[in-house]
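S.K.: My questions concern the predicted model and sequence given below.
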Amino acid sequence: MNISFGLKGKLWIIVHFADAHVSVSSCGEQWPKELKLRSCSESICNGAVPGEPVKKDENSRRGNWGNQIEFVLTSVGYAVGLGNVWRFPYLCYRNGGGAFMFPYFIMLVFCGIPLFFLELSFGQFTSLGCLGVWKVSPMFKGVGYGMMVVSTYIGIYYNVVICIAFYYFFMSMTNLLPWTYCNNPWNTPDCAGVVGTPRANATFANVSAVVSGVTEIVNRTKRTSPSEEYWRNYVLNVSDGIGDFGEVRLPILGCLAVSWVVVFLCLIRGVKSSGKVVYFTATFPYVVLTILFIRGITLEGAVSGIKYYLTPQWEKILDAKVWGDAASQIFYSLGCAWGGLITMASYNKFHNNCFRDSIIISVTNCGTSVYAGFVIFSILGFMANHLGVDVSEVADHGPGLAFVAYPEALTLLPISPLWSLLFFFMLILLGLGTQFCLLETLVTAVVDEIGTDWIIKNKTYVTLGVAVIGFLLGVPLTTRAGIYWLLLMDNYAASFSLVVISCIMCICIMYVYGHKKYFKDVEMMLGFPPPVFFRICWRFVSPFIITFILIFTVIQYKPITYNDYVYPSWSLVIGFFMALSSVICIPIYALFKIAVSEGSTFLERLKNSVKPDPTWGPALQEHRKGRYATTGPESVEVCPLKEDLKNEGKEKLKEKEDEIGLTIPGSNGSTLNPSPSA
């Protein structure tokens, strides 16, 4: 091998082998296909001074996270979403308060963390997204397509929720929150606010004094709050049914466009740009939660709300429904089977300790849920105390909590627009953290599947295309019937299908590919085998819990409703089709793969279709060791500047070269002087 310097200090490499001749014009240009050259973390490319470390991706073709903090924060932002704020606190008080924490953390240890670790290690080992990883057993690639379908559904309606939070955020930029009083054109005679209103005399004409308005509110058999009427009659202008679309709500449509533009701009350079954004989007919600918590606990009645949230009802521990809710909440809140965890981990460096990361992220996610409960119920306790009612009468979950109950409670606080701005800004950031990963999952799957140099170089256009399609598919959800369709997608598109996908993934990795092989893969990647506890969970405990969640979901199934509206049968059929559309990908692709596989009999084709693809394994040649090692000129590595690999590199080169002539500065200023050529 001859190595010399060209103009402007660029490194020119001439490689002479007995059976190959490859010329590489410069260090900064693309390597030819005849020889795969891998560069290390230190380089003299890009004009760097010799001996000075240069930050460089391990996987230069695909890219890596800037550092591990970016990956952890992105994964935290992905796992910690709106459900942590508007679902967990409600489930906790409904299922025994503090007693619910026991099954919740049991499910975290035996199901949540093991599944999280499994998906992170799966994606990191191959450096591929939710489609490419199924080289492990090509027949199961339909699982990857199912993940893409689920992420598409969730990404469409999730951004609509974010856009509504944007709308409320913009509407909070005022001296008086518009849902404070009942004297607006959209209010009805049933409206009864929690604070005195200019319309009180007209609304309560038969009441002797305005002060008795609160008593009237409590005694009403049907009370409609101004925040509920603002949400239903003004923001959404809800139609009479799911089939009555009506006109598009232009303010919501505009906010949807803003939301998609923000997501696209944050992902314009893939993980390189989103990794920087998450420093803010993943951390600032905790600042807002803390501010709201401090404000909440200083309010009268806050303690009663927190007691109601945490007081254990131990008799409910024996109720299977409590355990089912705990398992479901852990499973769904961590984002398992969406494909996002595999995608995010695929941008890690090969030897990253994803075991440590899985524990940190999972515990952070669940801790955030518990913390959010204190914030929510301190405010709801204050509101219940103000109205003189039980906390259960003001507690709610889902959109009802985020856009009705909590905003109404905020109107009772001094400087209420400030607290409203903070609350909805927090919701926006929580939603964006999840939305970033959903979009990146789809983009990465497309780019990895096509895999050409052009599409990798022009990944931004793929991101733009996915964002535009997502926006267009979300337009129907901004109509007057949009809330009906949003809840339908939320309840069906991402429910039991996720459980099925996760269960099949465990079966494929542990039993089709083989648990012993996978344990060795993890050991090769991390430097230590998976702990015995996780091996047992992956093979037996987690699949059992997943099966329990599936059975529980089926047994506890009830047709969805929205307030008093009962969904028609045809809409429920559509919901089931949405749920099946992701699961049906699995058998359809399996049959296709068996049909095109080699073999004269069905059994032979079946065996060939489940065998790992020849390219399965680590993405970079330097990591393909043991049974993944390859030989030949195509696997030569040149890594002259990595200090701890100099000797290993020289040994490999000596095996391939007859003679070596090399003189270049080392990373520490020393000189490499192999034997001169004859």
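M.R.: Right, received. Where do you want to start? Numbering: from 1, shown residues only.
S.K.: Tell me which helix or strand Asp357 sits in.
M.R.: Assigned by DSSP states H and E, Asp357 belongs to helix 354-387.
S.K.: Can you mark which positions in that helix are buried?
M.R.: By neighbour count on 16 or more other Cβ atoms under 10 Å, the buried set for helix 354-387 is 354-355, 357-358, 361-362, 364-366, 368-387. Any C-beta I mention is one placed from the backbone N, CA and C, and that applies to glycine too.
S.K.: Which parts of the stretch 51-200 of the chain are strands?
M.R.: Taking DSSP state E, counting those that start in this stretch, the stretch 51-200 of the chain contains no strands at all.
S.K.: what's the answer for the chain, then?
M.R.: Along the chain, the stretches classed as strands by DSSP state E are 2-5, 11-16, 21-24, 561-562, 565-566.
S.K.: just checking, what packs against the fourth one?
M.R.: Packing partners of strand 561-562 (3 or more Cβ pairs under 8 Å, 6 or more residues apart in numbering; DSSP states H and E): helix 482-492.
S.K.: What average pLDDT does the helix it packs on get?
M.R.: Per-residue pLDDT values across helix 482-492 average out to 92.
S.K.: Repeat that for stretch 144-154.
M.R.: Here the average pLDDT along stretch 144-154 is 96.
S.K.: what separates it from the chain centre, distance-wise?
M.R.: Centre-to-centre, stretch 144-154 and its host chain are 12 Å apart (Cα atoms, centre = their mean, to the nearest Å).
S.K.: which residue ranges form the helices in the stretch 201-350 of the chain?
M.R.: Using DSSP state H, counting those that start in this stretch, the helices of the stretch 201-350 of the chain run over residues 213-219, 226-229, 250-266, 271-281, 284-297, 302-310, 320-333, 340-345.
S.K.: What are the buried residues along the fourth one?
M.R.: So the one you mean is helix 271-281. Residues of helix 271-281 classed as buried: 271-272, 274-275, 277-278, 281 (neighbour count, 16+ other Cβ under 10 Å).
S.K.: In those, find the pair that's most separated.
M.R.: Farthest apart among the buried residues of helix 271-281 by Cβ to Cβ are Lys272 and Thr281. That separation is 15.4 Å.
S.K.: returning to that earlier point: and the helix holding Asp357, how far out from the chain's middle?
M.R.: 18 Å.
S.K.: Leu310 versus the closest residue to Ile297 other than its chain neighbours, what's the distance?
M.R.: Of all residues beyond its chain neighbours, the one nearest Ile297 is Ser378 (5.2 Å), with distances taken as Cβ to Cβ, 6 or more residues apart in numbering. From Ser378 across to Leu310, the span is 11 Å (Cβ to Cβ, to the nearest Å).
S.K.: Surely Ala337 touches Ile504?
M.R.: No: using Cβ atoms under 8 Å, Ala337 is not in contact with Ile504, being 9.2 Å away.
S.K.: any chance you could map the helices in the stretch 501-650 of the chain?
M.R.: According to DSSP H, counting those that start in this stretch, the helices that the stretch 501-650 of the chain contains are 515-526, 532-536, 542-555, 569-583, 585-596, 602-610, 646-656.
S.K.: Please tell me how far Arg535 sits from Ile507.
M.R.: In terms of Cβ to Cβ, Arg535 sits 15 Å off from Ile507.
S.K.: Of the two, which one has the most company?
M.R.: Arg535 (18 against 15; other Cβ atoms under 10 Å).
S.K.: what sits against the closest residue to the more buried one other than its chain neighbours?
M.R.: Spatial nearest neighbour of Arg535, excluding adjacent residues (Cβ to Cβ, 6+ apart): Phe519 at 6.4 Å. Contact analysis of Phe519 by Cβ atoms under 8 Å, 6 or more residues apart in numbering lists 529-530, 535.
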